[in-house]
Each structure stands twice: as structure tokens, then as C-alpha cells.
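In: Sequence and predicted structure are below.
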Amino acid sequence: MPYTTRRRFLVAATALAAAPAWAQTTRTRVRIETDKGVILVELADDKAPITVANFLRYVDSGRWQGAVFYRASRAPGAPEDGFIQAGIKDSAKLFPPIAHESTTQTGLKHLTGSLSMPRFAPGTAQGEFTIYTSDAPYMDADPNLPGDNLGYAVFGQVVEGMDVVRAIHALPTGGTSANPIMNGEMLAPPVVILSARRA
């Protein structure tokens with residue numbers, strides 16, 4: 001076999017050998033349709049498998065349908081920075097809480113467009129998620145901070161529809177909440193999730 005032909009064969013064989021590893025890193029995408037537009041997200045199956053599996057359990061059972069984006073949190077002095085938060089309010093539709101996957105464990109960070117799963121104590125996350133409109137390193141795990149230091153669990157990223165995320169974030173707020181921390185951040189009216197399906 002001539003050298004050039006042999007070299008091409010070896011390059012092709014190497015590429016084929018590498019293909020299975022590439023396939024293993026393929027990430028699930030979910031199309032979230034709201035009454036304000038569509039958001040396409042890519043999930044970090046390989047980095048945050050517990051949190052992703054929880055999110056997909058709600059997707060596959062149709063339980064995000066009818067849920068709402070109900071909160072737009074804005075940074076003081078920088079109203080374009082912050083996050084929007086969605087949740088299932090019907091407790092009958094909630095699955096059991098999941099183990100917490102901190103950012104030190106996954107290597108993921110709270111960046112612009114990141115999906116994260118809110119919680120109270122570690123291991124209490126269920127049917128809620130947030131999408132960030134700006135980098136938010138203060139939401140990452142940090143052993144130098146007070147409290148449990150474990151931050152929140154990032155599990156995906158917006159790949160299309162950040163304009164929709166920002167539009168929701170800019171909607172009127174001012175409603176009150178049972179949690180005083182959220183007063184002035186409640187969307188009025190909330191934004192309805194019409195469907196959430198694997199893309």
C-alpha cells in the first residue's frame with residue numbers, strides 16, 4: 001500500500017475509533033415553548049446526571065406543561081442582570097427531591113444562559129429551574145462563604161432563545177410572595193410554559 005494511501009487509511013481508522021467517545025458526549029436538548037416564545041436548552045447529561053434526569057422526568061411526563069415562569073430577579077443597579085425562575089406549583093405533580101450536585105462536583109458554573117435548579121437545604125430540589133441573564137458566580141459552591149457553601153446545581157445551557165429569556169426577565173413585577181425575599185420579583189402575570197419536549 002503506498003504511503004499516502006496508508007496514511008489516509010490510518011487517519012480514517014483513527015476517526016472511526018474516536019467516534020464512540022464523541023457519541024458519548026452528545027447532550028440532550030429540550031424545546032421549551034412559552035407564551036412569550038421558544039427557548040432551546042442543552043442539558044449537561046455528562047456533568048450533572050442526577051439533576052438532568054430529574055428535569056427530564058418532568059419533561060417526559062408532561063409536567064412542565066402548564067407550569068409558569070413566575071419570578072424575575074434583578075440585580076440592584078443592573079436590572080438586566082439576574083435570572084428568571086419557573087416552577088410547578090401543584091404539589092401533586094412533584095416527584096421526590098433529588099441529591100444535590102454542586103458546581104465543585106460537576107465543574108459547571110453559573111454563566112449567562114445557564115440552567116440551574118433551586119433548592120432550600122441540599123437535597124430538596126424538585127420541580128423548579130432558573131435561567132440566568134448574566135454570569136452569577138455567587139451562586140456557585142464556595143467553601144469560603146457562610147451557610148452550607150454548596151451553591152446551586154447548574155445542569156444546562158440555553159442554545160437558542162436568550163432573547164425570549166431577556167424579554168421575560170424584563171416583564172413587569174411587583175407581586176408579593178409567601179417568601180418575603182421574592183417580594184417585588186413576582187411576574188404579574190406569570191409566563192406560561194405551553195410545552196417542554198425533547199428536541
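Out: Alright, I've got the coordinates.
In: for this protein, what are the low-confidence residue spans?
Out: The chain contains residues with pLDDT under 70 at 1-25.
In: Show me the beta-bridge partners of the spatially most central residue of the chain.
Out: In the chain, the residue lying closest to the centroid (C-alpha atoms, centre = their mean) is residue 115, at 1.9 Å. Beta bridges link residue 115 to residue 131, residue 156, judged by DSSP bridges.
In: And it, how far from residue 128?
Out: Going from residue 115 to residue 128 by C-beta to C-beta, to the nearest Å gives 11 Å. Any C-beta I mention is one placed from the backbone N, CA and C, and that applies to glycine too.
In: And the strands in the protein?
Out: Counting by DSSP state E, one finds strands in the chain at the ranges 29-34, 37-43, 68-75, 78-87, 114-117, 128-132, 153-160, 173-175, 186-198.
In: The last one versus strand 78-87: what angle between them?
Out: Spelled out, that is strand 186-198. Orientation check (axes from the mean of the first three to the mean of the last three C-alpha atoms, to 10 degrees): strand 186-198 against strand 78-87 gives 60 degrees.
In: Residues contacting strand 186-198 from elsewhere in the structure, which ones?
Out: For strand 186-198, contacts defined as C-beta atoms under 8 Å, 6 or more residues apart in numbering pick out 28-36, 56, 58-60, 64-72, 86, 168, 171-177.
In: Produce a ChimeraX select command limited to the buried residues of these.
Out: Restricted to buried positions by 16 or more other C-beta atoms under 10 Å, the ChimeraX selection for the contacts of strand 186-198 reads:
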select :28,30,31,32,33,34,36,56,58,59,64,65,67,68,69,70,71,72,86,168,173,175
